[in-house]
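1. This is a predicted model, with the sequence first.
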Amino acid sequence: MSEIAWIEEGSKAPSFSLKDQHGKTVKLSDFKGKPVVVYFYPKDDTPGCTKEACAFRDQHTKLDKLGAVVVGLSPDDQASHAKFSEKFGLNFPLLVDTDHKVAEKYGAWREKNMYGKVSMGVQRSTFLIDANGKIAKVWKRVQVDGHDLQVLEALQNLQ
């Protein structure tokens, strides 16, 4: 399978319209005029994904002050997202991308190699979209520790 290209900084953010953990439809256009942090993660309630989600949850006040909105996307279904969100008190939408079409548009659906087993899956990655709908910053292979601070710094630089 050929590698899907990552969406590049400076390009227009691909639009999306997906259901969140509560069954509500969330569109990128809902956040027009605000910076949006779109982060892709592999799986609900796994150690790295939980740590990342909780870090964004804990930065809510700072993100809010910067006018930013966070949305998480994974291939998990609505029930899984609802359970994960409830368990950890997540204060942002988790969007259902079961067919990974949005992950593909952003380039986050990639070939992964785990212990010699090659498969397709979500590459943990984050996209900062500015208030005009352009990709301001891309983190392609996110290391969870300190990632929330990198995102906050990039948001401050948008101001």
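-> Thanks, I have it.

2. Just grab the bridge partners of Phe117 for me.
-> Small correction: residue 117 is Lys, not Phe. Going by DSSP bridges, Lys117 is paired in beta bridges with Met114.

3. tally of neighbours for it?
-> Residues near Lys117, counting by other Cβ atoms under 10 Å, number 7. Quick note: C-beta positions are derived from backbone N, CA and C, even for glycine.

4. Which stretches in this structure count as helices?
-> Along the chain, the segments classed as helices by DSSP state H run 47-58, 60-65, 78-88, 101-106, 147-158.

5. Which of those has the highest mean neighbour count?
-> helix 101-106 (a mean of 19; mean count of other Cβ atoms under 10 Å).

6. How about residues contacting that one?
-> With contacts defined as Cβ atoms under 8 Å, 6 or more residues apart in numbering, helix 101-106 is touched by 4, 6-7, 14, 16, 18, 38, 40, 73, 75, 95, 97, 109, 122, 125, 127.

7. Sort out for me which of the residues you listed are in strands.
-> Among these, DSSP state E puts 18, 38, 40, 73, 95, 109, 122, 125, 127 in strands.

8. what comes into contact with the lowest-mean-pLDDT helix or strand in the chain?
-> Using mean pLDDT, DSSP states H and E, strand 109-114 stands out as the lowest-scoring helix or strand of the chain, at a mean of 87. The contact list for strand 109-114 (Cβ under 8 Å, 6+ apart) reads 1, 3-4, 100, 103, 118-123.

9. Pull the most distant pair out of the ones in strands among the contacts of helix 101-106.
-> Within those, Leu18 and Ser125 form the most distant pair, 16.7 Å apart (Cβ to Cβ).

10. still on that earlier bit, which single one of the contacts of strand 109-114 is nearest to Lys83?
-> For the contacts of strand 109-114, the nearest to Lys83 is Val122 (18.4 Å; Cβ to Cβ).

11. low-scoring stretches of this protein, by residue?
-> Along the chain, segments meeting pLDDT under 70 span 1-3.

12. How about the most centrally placed residue in the chain: which residues does it bridge to?
-> Nearest to the geometric centre of the chain sits Tyr39, at 1.3 Å (Cα atoms, centre = their mean). For Tyr39, the beta-bridge partners are Gly72, Thr126 (DSSP bridges).
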